[in-house]
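Chemist: sequence? don't have it. structure:
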């Protein structure tokens, strides 16, 4: 990942009252969900890290700003960027802005760890202190992802083009925060008509190689449906 200039608390181009665009970049890493944070340069408080953010620009839509900001922070384009909510509840933001619009950005597994520079991935249950409004944004993005698991195939945005069924189950377990019964998960996945096998196989340890699958929803089924978990332990 390319090095980026650290976030400056006193950005000269940002008016204290200018609304901001903030991006919550999420990716799975070592069976945990992680968020990308930027080091805050010259921070005078305990909040030395922040979500990527910048003031809104009159030359871009907020969607364009969020996509560009995510791409610059990551070094490549994420698999999904979409708006979560606007926050103007008085909680502190690194810029001092009174209004912020949060975007969720999902990054497929295997995103490289930053080497040096000002960005780093943190497991979401071990993040350093960040500004209260940005913490609310992170919580809101997590809720948005989890709320959509059974209604849309959003989990596939966190996977590469081909994957094993164990890897897919692992993504759902990371997002749900609980273990799933293997046979029950695969029955639910089959009922959703969302994947198809490829001719490729991959070794997963000492056992027999596992077949690779790809996301390929059947046309006769809604491509917006996710995997349903009723009664699954």
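Modeler: Yep, that arrived. Treat the numbers as computed from the prediction; the structure is a model and nothing was measured.
Chemist: Just the pLDDT at residue 43, thanks.
Modeler: On pLDDT, residue 43 comes in at 63.
Chemist: Please apply the same query to residue 177.
Modeler: 87.
Chemist: Could you chop this protein up by domain?
Modeler: What automatic domain parsing lists as the domains of the chain is 7-147, 154-215.
Chemist: Generate TSV for those domains, with distance to residue 227 and mean neighbour count as supplementary columns.
Modeler: To be clear about C-beta, it is placed using only N, CA and C from the backbone, and glycine gets the same treatment. TSV is the format used below for the domains of the chain (distance: least, Cβ to Cβ, whole Å; neighbours: other Cβ atoms under 10 Å):
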stretch	distance to residue 227	mean neighbour count
domain 7-147	13	18
domain 154-215	5	16
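Chemist: Check the spacing between residue 87 and residue 53 real quick.
Modeler: Per Cβ to Cβ, to the nearest Å, residue 87 is found 11 Å from residue 53.
Chemist: Sorry, slip of the keys, the one I care about is residue 165.
Modeler: As for residue 165, its distance to residue 53 is 37 Å (criterion: Cβ to Cβ).
Chemist: Shouldn't residue 200 be within a helix?
Modeler: No. Under DSSP: H, G, I helix; E, B strand; the rest coil, residue 200 sits outside any helix and is assigned strand.
Chemist: My guess is it contacts residue 214. True?
Modeler: No. Between residue 200 and residue 214 there is no contact under Cβ atoms under 8 Å: 9.4 Å.
Chemist: before we move on, back to that, right, and the domains of the chain - which one's nearest residue 228?
Modeler: Residue 228 lies closest, by Cβ to Cβ, to one member of the domains of the chain: domain 154-215, at 5.7 Å.
Chemist: What is the end-to-end distance of that closest one?
Modeler: Domain 154-215 has an end-to-end distance of 11 Å (criterion: Cα to Cα, to the nearest Å).
Chemist: which residues in this protein form helices?
Modeler: Assigned by DSSP state H, the chain shows helices spanning 62-74, 132-147, 165-176, 182-192.
Chemist: for residue 201, what are its contacts?
Modeler: Neighbour list for residue 201: 209, 210, 211, 212 [criterion: Cβ atoms under 8 Å, 6 or more residues apart in numbering].
Chemist: and the helices of the chain as a markdown table, adding distance to residue 157?
Modeler: Converted to a markdown table, the helices of the chain look like this (distance: least, Cβ to Cβ, whole Å):
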| stretch | distance to residue 157 |
| --- | --- |
| helix 62-74 | 13 |
| helix 132-147 | 9 |
| helix 165-176 | 9 |
| helix 182-192 | 16 |
